[in-house]
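> Requesting a structural model of the entry that follows:
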Amino acid sequence: MLDFIYYPVSFILWCWHEVFGFIFGANNAIAWILAIMFLTFTVRGIMFKPFVNQVRSMKKMQEFAPELKKIQKKYANDKQRQAAEMQKLQREHGVNPLGSCLPMLLQVPVFIGLNWVLRAFSIQPAGGGPKTENYFFNQQGVESYVNAKLFGVNIGDAIHHTAMLGGINGGWNWHVAPVAVPLMILAAVLTHLTARHSAARQDPTAATPQTAMMQKLTMYIFPLGVLVFGAFFPIGLLVYWLSNNGWTLMQQRLVYNRIDKEEAVKKAEAKEKRDSLAPKPGAKPKPGQKPVQPSTTEATASSADGKSPSNGQTTSKAGSPHRFAQQPARAKGGSAQQRKKQGSGGKSSGQKGSSQKRR
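Just a heads-up that it's a prediction; the model follows:
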């Protein structure tokens, strides 16, 4: 029913097994483990661009997260209107909410396909006899996988086979645990580190209860799930899980660093552009150019020195300018009555002096 998934997965696995089987030998477990790992790397390499788009989409959503919170608060009692407004806001910013889920959704068919292909190596045909093929693998390829052992354990064995996950010969196989348990622990640790690294990139102020819950799930519940359900997966599938989480952690660091550098370059270019448009000290602004407003620190420093930052007028402690220009005018000219009094006083003194001379 899902052959459209099984055949592509088995084809990629067959190609890589041919490569590493030529180097290490077709029946060597190392060839099969490397083939599974490079199957993972091939699929993740195909999904690299969607992953970058996912990171950019999440970055944009963080930028307008405060607007989303306002919409949620404004339409808290109208969920339909709230969803419509949120979708409208996402369209305005060019964000597709499904884009962030695409890489994870694409990994699910690969996981299902690889799980079935690896288990199908051990399923005997209905008519009995040896198994002659398994999708792209012929009888020789099937026998190579069945006989490949890692530390004495077949890579198709699991700690517990369950029919729910496609397993056969149900029951506990504790001899598989020494190989499976370390792989399960490593896969769980990488799952936690990957989620932790992603959560560290989130803006705490833009976090919502939903995102906080999702972070706890990915950081603690998912790694715990690897430890629990890993006992039901064959060794080959645990290798896929381990290599997939290792690739994800490395890819996150690479992409995040690249985006950080791009943002740093954009900020530097924007600052350089602002500086180039601002008028130089003492130069007149160009027509249509807005004057550069003094910063808060400059205004504070100017007021502390007793000068206004706008016209350089001396101010008092209360901030009001002293009217020194008017005080000298009053002292020099005086009022009209003072001038008249001075004039009359001078005349009387002159008359008094002349009368004394005649005497």
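> what about the stretch 151-300 of the chain, any weak spots by pLDDT?
163-170, 203-211, 279-280, 282-300 (pLDDT under 70).
> again, 50 this time
295-300 (pLDDT under 50).
> Now do the strands in it.
All strands of the stretch 151-300 of the chain, identified by DSSP state E, counting those that start in this stretch, fall at 153-154, 160-161, 171-172.
> JSON lines for those, including distance to Val265 and mean neighbour count?
(C-beta placed from N, C-alpha, C; glycine too.) Shown next, in JSON lines, are the strands of the stretch 151-300 of the chain (distance: least, CB to CB, whole Å; neighbours: other CB atoms under 10 Å):
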{"stretch": "strand 153-154", "distance to Val265": "51", "mean neighbour count": "20"}
{"stretch": "strand 160-161", "distance to Val265": "53", "mean neighbour count": "20"}
{"stretch": "strand 171-172", "distance to Val265": "57", "mean neighbour count": "10"}
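> Could you point out which of those strands sits nearest Met184?
strand 160-161 (12.4 Å; CB to CB).
> Pull the number of nearby residues for Pro66.
Neighbour count of Pro66, defined by other CB atoms under 10 Å: 11.
> Likewise for the one 5 residues further on?
Using other CB under 10 Å, Ile71 has 17 other residues around it.
> My guess is it contacts Glu85. True?
Yes - between Ile71 and Glu85 there is a contact at 4.7 Å, judged by CB atoms under 8 Å.
> picking up where we left off before, mind checking which of the strands of the stretch 151-300 of the chain is nearest Ala31?
strand 153-154 (14.3 Å).
> Okay, now the sheet partners of that closest one, with direction.
Partners of strand 153-154 in the sheet, by DSSP bridges, are strand 149-150 (antiparallel).
> what about the strand it pairs with, average pLDDT?
Across strand 149-150, pLDDT averages out at 89.
> cool, and stretch 26-41?
93.
> Can I get that stretch in PDB? Just the C-alpha atoms.
The C-alpha trace of stretch 26-41 is given here as PDB (Å, rounded to 0.1, in the frame of the first residue of the first chain):
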ATOM      1  CA  ALA A  26      28.800  -6.700   1.500                       C
ATOM      2  CA  ASN A  27      28.200  -8.800   4.600                       C
ATOM      3  CA  ASN A  28      30.000  -6.400   7.000                       C
ATOM      4  CA  ALA A  29      27.800  -4.600   9.500                       C
ATOM      5  CA  ILE A  30      29.800  -1.500   9.100                       C
ATOM      6  CA  ALA A  31      28.800  -1.200   5.500                       C
ATOM      7  CA  TRP A  32      25.100  -1.500   6.400                       C
ATOM      8  CA  ILE A  33      25.400   1.100   9.300                       C
ATOM      9  CA  LEU A  34      27.200   3.500   7.000                       C
ATOM     10  CA  ALA A  35      24.600   2.900   4.300                       C
ATOM     11  CA  ILE A  36      21.800   3.700   6.800                       C
ATOM     12  CA  MET A  37      23.600   6.800   8.000                       C
ATOM     13  CA  PHE A  38      24.200   8.200   4.500                       C
ATOM     14  CA  LEU A  39      20.600   7.400   3.700                       C
ATOM     15  CA  THR A  40      19.800   9.800   6.500                       C
ATOM     16  CA  PHE A  41      22.200  12.400   5.300                       C
END
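> which non-adjacent residue is nearest His192?
Counting by CB to CB, 6 or more residues apart in numbering, His192 lies nearest to Pro223, which is 4.4 Å off, once chain neighbours are set aside.
> How many residues are close by the one you found?
Pro223 has 23 nearby residues by other CB under 10 Å.
> ok, it touching Ile185?
No - contact criterion CB under 8 Å: Pro223 and Ile185 do not qualify, at 9.6 Å.
> Now do the helix or strand hosting Val55, average pLDDT.
Element membership for Val55 (DSSP states H and E) is helix 48-63. Mean pLDDT, helix 48-63: 77.
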